[in-house]
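Trainee: Dropping a prediction and its sequence here:
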Amino acid sequence: MPDNEEAPAGPSVFTAFGPPVSLFVVLAGIGLAVNGSRLGLDLSGGQLLPVGALGELWRSYLDGWHPVGGGTASAAPTSLAVLGILGAIFVPLGGPPALVAFLLLGDAPLAGLSAYAATRRLPLSRWTRAAVAAAYALLPAATASVAQGRLDVVAVHILLPLVISGIAGLLADPGRRWLHTSSWVAVGIALLGAFSPLAQGLAILGLLAGFVALPPVGGLRKRVASVGIAVLLPLVLLIPWPAVVVNAPALVLHGPGGPATAPASAGLIGLDPGGPGGWPSGLAVLLATVLAVALRPRALWSGGLSVVVLGVAGLGVVLLVPVTPLEGGTAATGFTGVPLLVIGAGLLWIVLRALQEQAPAPVSRLSLPVLARAAAVAVLLALGVAAVVSGRGGPLHKGRDSLVDAQADELARTGRSVLAVGAATEPARQTAGRLPRFGDDQFALTAATPARLQSWKAVLRQPSPGVTPAALSAAAASGVLFVVLPEGQSASPVVALAPELAVAAEPTADGRAVLRLLPPAGQVVLVPPGVAKQSVSSSAPSATQGVTPVDAGLPDVHVRVSDGGDGRLLVLAAELEPGWRATVDGKAAPLVPAWGHQVAVAVPASPSEVSITRPATLREVLLLIEVAALLFAALTAVPASTRPR
C-alpha cells in the first residue's frame, strides 16, 4: 500500500536522507551519548555475565552435563545456540561477545528500525511511522535494561514489534503464503522464548486469544493450521529448554536476568521498571495516548488495546507472584521490563490507529496536524533527554573481570572449580575450568545446591572461627581450587582463620582478592577408608590425609584402582543426580552420596576397573528433533512462488 507522504516544506538534512536513515542516525547518536563510556566489543556487569567464545558456547549447549554449581545435567538455555549461530557472523570482530555488545549498544537504533519495519503496511506517512518508532526505541524499560545488562529484555525490545506485526497479520488473513507467514511468526516467537519465556508466553496467549475472538478469514482450516504452527513449532525449536522452564517458574517470572534489584511500583505509570537507568519518561507516551483517544475515540478499540491488556496481565503476574530465584534465597518479584515494553508497544499502536482516523467535525483540519506534530516533538524530547540523563548510569561496563593467566591456565588444565563469592546482591557461583559466563545462571541446579553456595558465601563474607574452615574444606572437597572474594574484601581474615586450608593468591584483573585452597582435591579423588566413613556422615572433611587425586575428567570416568584398604571411595566433584551409572569390574555398583551431595562409589580392596558415566542418549534424541524442526522452519520460511504457470 503506498505511503500517504506529504511533501516537505523545504530541504533539510533529514529529508535528504529519508525517514529510515534519519531514524537510525538520530537514535544512533542518542545511543552514543548514553553508552559513550561503554563502547567496546566485550561488555559485562550488572545482570550480564561475560559471554563465552564461539566454541565455548556451542560446547556448553551441546553437552549433556555442565560443570556449573557443582555439576548439573540440566538442559542448556537456547539463547546459547542463538548467540552461537548469530555470533559466527561477528567472528572477525570477536564472535558472540561482539554480537552481545552490538545488541546492547545498538539497542535503540535496532529497535527503532524494527518498529519502523513492523508498520510498513499502515497507510501513514513514513515520517509519522518514524516518529512513533523512535518513541518505541526510547521507552524507559529498554534504557534501564541496557544500563543493567539485561540482555533478555533488550532482545525482546528489538524483536517485539516484528512479532506483534506478524501475529496481527496471521490473525487478519494468513493469505496464500500462509505456511511461509506461519513459519516466520513461529521463528520470531521462538527467538523471544530463547531469551524471555515470559515474552513467549504472552505472545502465544495473545495469538490464541485473537484466534478465539476474531472471526475466521480465508478459511478455518488454513487459520487453524497457521495458528497451530505458530504455537507448536517454537516449542519444538527450543527443545529441550521448555522442560526446564516448566519446572523452574523463576525463569518465567524473573527471566534469565534474575529478579528485580529495585522496586518498580513508584514508576510504573511512567513505564519505568526501576533500578539503574530507569526514569518515568514513559508518562509522555501515556499522555500522548490519552490525547489521541480523546480526539479520536474509535482508536481505542483496536489491536493496541488488546496488547495493552496483555501487558497489564503480565505485569500483574510478575509483581504479585514472588518466586524463589534459581540461585536460592527468599522469594522475590521479577523485573518488569518485558511487560512494560508490551504495554508501551500497545499504547503506541493506539496512537498509530488514531492517526489513521479521519478528523472529527469539532476539530479543525488545520489545527490537528499542528497539534500532532507538537505533541510528537514533546514526547520524543522527553524520551530522548531522559534516556541520555538516566541511561549513562548503571553497572554495565566494557571489559570483563579475569584471573591472571597462570590461574586461568591451571583451571583449564586441571578442570578444578572457581568459587566466585560476589557482592551482597549477587549469588555465589561455582564453575569448573573458568570464571562464570553468560548462561550459567539459567541452569536448574539440584535442590540443595543454591542453599549450599549461599551458606559458603555467607561465612566467607563474614569470616568466623569454626564455620569458615568448614566451608573451605567443603568447597575444596567439591573441586574448588580458587575462591574469588567480593570487591573490597581482603583475604587476610580468611587466611588467618584457616592457614592450613587457604593462602592468598594473586588478585584478579579488577583487584578482587583470590584465595587458593590447599587440601588435595580434583575432579576425581580416591578417599581412604577413614575419610570415607566421615564422608557418608558429614558435610565437610576434617582431615584429608590419604586423599589422592586421580587423573580423570568428568563426567565419564574410567579408571583402574590398585589394591588398598577395604572401604575406600572413588568420589567425583559432581552433584549426585538421577542418571549416574557405576560399574566395578563390569558389574553394576550402587552410588553413595559423599559429603551429602557428591557422586561416589565404593572401591574393593583388590585391583579393579571402575567406570562412572552419565548417558546423554535422551538429550541427543531431543537435539535431533530440534535440528529437524529448524530445517522445517528454514525450508517453509522461504515463500513459494505464487506466479501462475
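Mentor: Looks like it arrived, so ask away.

Trainee: So, low pLDDT: which residues of the stretch 301-450 of the chain?
Mentor: Applying pLDDT under 70 to the stretch 301-450 of the chain picks out residues 357-368.

Trainee: sorry, that was for the chain
Mentor: Along the chain, segments meeting pLDDT under 70 span 1-17, 218, 264-266, 357-368, 639-645.

Trainee: Domains in it, by residue range?
Mentor: Domains of the chain are assigned by automatic domain parsing as 106-397, 405-517, 524-617.

Trainee: Which of those domains sits closest to residue 87?
Mentor: For residue 87, the closest of the domains of the chain is domain 405-517, at 11.2 Å, according to C-beta to C-beta. Any C-beta I mention is one placed from the backbone N, CA and C, and that applies to glycine too.

Trainee: Look up the closest residue to residue 161, ignoring the ones flanking it.
Mentor: Among residues not flanking residue 161 along the chain, residue 118 sits closest, at 3.7 Å (C-beta to C-beta, 6 or more residues apart in numbering).

Trainee: Which strand or helix spans residue 217?
Mentor: Assigned by DSSP states H and E, residue 217 belongs to no helix or strand.

Trainee: Deepest-packed of the domains of the chain, please.
Mentor: Mean neighbour counts were compared across those using mean count of other C-beta atoms under 10 Å; the top stretch is domain 106-397, at a mean of 21.

Trainee: ranges for the helices of the stretch 351-500 of the chain?
Mentor: Secondary structure of the stretch 351-500 of the chain (DSSP state H, counting those that start in this stretch): helices at 367-391, 405-414, 449-461, 467-477, 492-497.

Trainee: what does the first one contact?
Mentor: The one in question is helix 367-391. Residues outside helix 367-391 that contact it (C-beta atoms under 8 Å, 6 or more residues apart in numbering): 30, 33-35, 108, 131, 134-135, 138-140, 143-144, 146-147, 277-279, 281-282, 284-285, 287-288, 291, 295, 355, 359.

Trainee: got CSV for the domains of the chain, with distance to residue 630 too?
Mentor: Shown next, in CSV, are those (distance: least, C-beta to C-beta, whole Å):
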stretch, distance to residue 630
domain 106-397, 6
domain 405-517, 19
domain 524-617, 20
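
Trainee: and of these, who's closest to residue 85?
Mentor: Nearest to residue 85, of all the domains of the chain, is domain 106-397, at 10.5 Å by C-beta to C-beta.

Trainee: The most centrally placed residue in the chain and residue 158, how far apart?
Mentor: Geometric centre of the chain, nearest residue: residue 256, 3.7 Å, by C-alpha atoms, centre = their mean. Using C-beta to C-beta, to the nearest Å, residue 256 is found at 16 Å from residue 158.

Trainee: Over to residue 624?
Mentor: 30 Å.

Trainee: Over to residue 572?
Mentor: Going from residue 572 to residue 158 by C-beta to C-beta gives 42 Å.

Trainee: hmm, back to that, so what's the residue nearest to the centre of the chain up against?
Mentor: Counting by C-beta under 8 Å, 6+ apart, residue 256 touches 77, 79, 151, 152, 195, 196, 441, 442.

Trainee: if we can go back for a sec, which ones are touching the residue nearest to residue 161?
Mentor: Counting by C-beta under 8 Å, 6+ apart, residue 118 touches 161, 162, 164, 165.

Trainee: List just the nearest of these to residue 620.
Mentor: For these, the closest approach to residue 620 (C-beta to C-beta) belongs to residue 162, at 32.8 Å.

Trainee: and that closest one, what element?
Mentor: helix 151-172.

Trainee: And that helix, how far out from the chain middle?
Mentor: 17 Å (C-alpha atoms, centre = their mean, to the nearest Å).

Trainee: same for that helix, what does it pack against?
Mentor: Using 3 or more C-beta pairs under 8 Å, 6 or more residues apart in numbering; DSSP states H and E, the elements in contact with helix 151-172 are helix 96-105, helix 107-118, helix 140-148, helix 178-195, helix 197-213, helix 220-237, helix 337-356.

Trainee: Figure out which of those is closest to residue 412.
Mentor: Across these, residue 412 has its closest neighbour in helix 96-105 (18.1 Å, C-beta to C-beta).

Trainee: what's the angle between that closest one and helix 151-172?
Mentor: Between helix 96-105 and helix 151-172, the angle comes out at 70 degrees (axes from the mean of the first three to the mean of the last three C-alpha atoms, to 10 degrees).

Trainee: Helix 96-105 versus helix 107-118: what angle between them?
Mentor: For helix 96-105 against helix 107-118, the angle by the same axes, to 10 degrees is 70 degrees.

Trainee: quick one: contacts of helix 96-105?
Mentor: 31, 35, 38-43, 48, 50-54, 57, 83-84, 86-87, 89-90, 110, 146, 149, 151, 154-155, 158, 396, 398, 438.

Trainee: Show me which of those residues are buried.
Mentor: Buried by 16 or more other C-beta atoms under 10 Å: 31, 35, 38, 40-43, 48, 50-54, 57, 83-84, 87, 90, 110, 146, 149, 151, 154-155, 158, 396, 398, 438, out of the contacts of helix 96-105.

Trainee: quick one on the thing from earlier: and which of the contacts of residue 256 is nearest residue 340?
Mentor: Closest approach to residue 340 among the contacts of residue 256 (C-beta to C-beta): residue 196, at 12.6 Å.

Trainee: show me what contacts that closest one?
Mentor: Applying C-beta under 8 Å, 6+ apart to residue 196 gives the contacts 152, 153, 155, 156, 255, 256, 338.

Trainee: who touches the second one in this structure?
Mentor: This means residue 153. Neighbouring residues of residue 153 by C-beta under 8 Å, 6+ apart: 141, 142, 145, 196, 255, 257, 335, 337, 338, 341.

Trainee: swap in the first one?
Mentor: The contact partners of residue 152, by C-beta under 8 Å, 6+ apart, come to 79, 195, 196, 255, 256, 257, 338.

Trainee: Name the nearest of those residues relative to residue 634.
Mentor: Among the contacts of residue 152, residue 79 lies closest to residue 634 (C-beta to C-beta), at 19.2 Å.

Trainee: Counting by contacts, list what the strand with the most length in the chain packs against.
Mentor: The residue-count maximum for a strand in the chain (DSSP state E) belongs to strand 568-575. Judged by 3+ C-beta pairs under 8 Å, 6+ apart, strand 568-575 is in contact with strand 524-527, helix 529-535, strand 557-561, strand 591-594, strand 598-603, strand 608-613.

Trainee: possible to save these as a markdown table with distance to residue 468?
Mentor: Rendered in a markdown table, the data for these read as follows (distance: least, C-beta to C-beta, whole Å):
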| stretch | distance to residue 468 |
| --- | --- |
| strand 524-527 | 22 |
| helix 529-535 | 19 |
| strand 557-561 | 31 |
| strand 591-594 | 22 |
| strand 598-603 | 21 |
| strand 608-613 | 32 |
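
Trainee: Kind regards, and thank you for your time.
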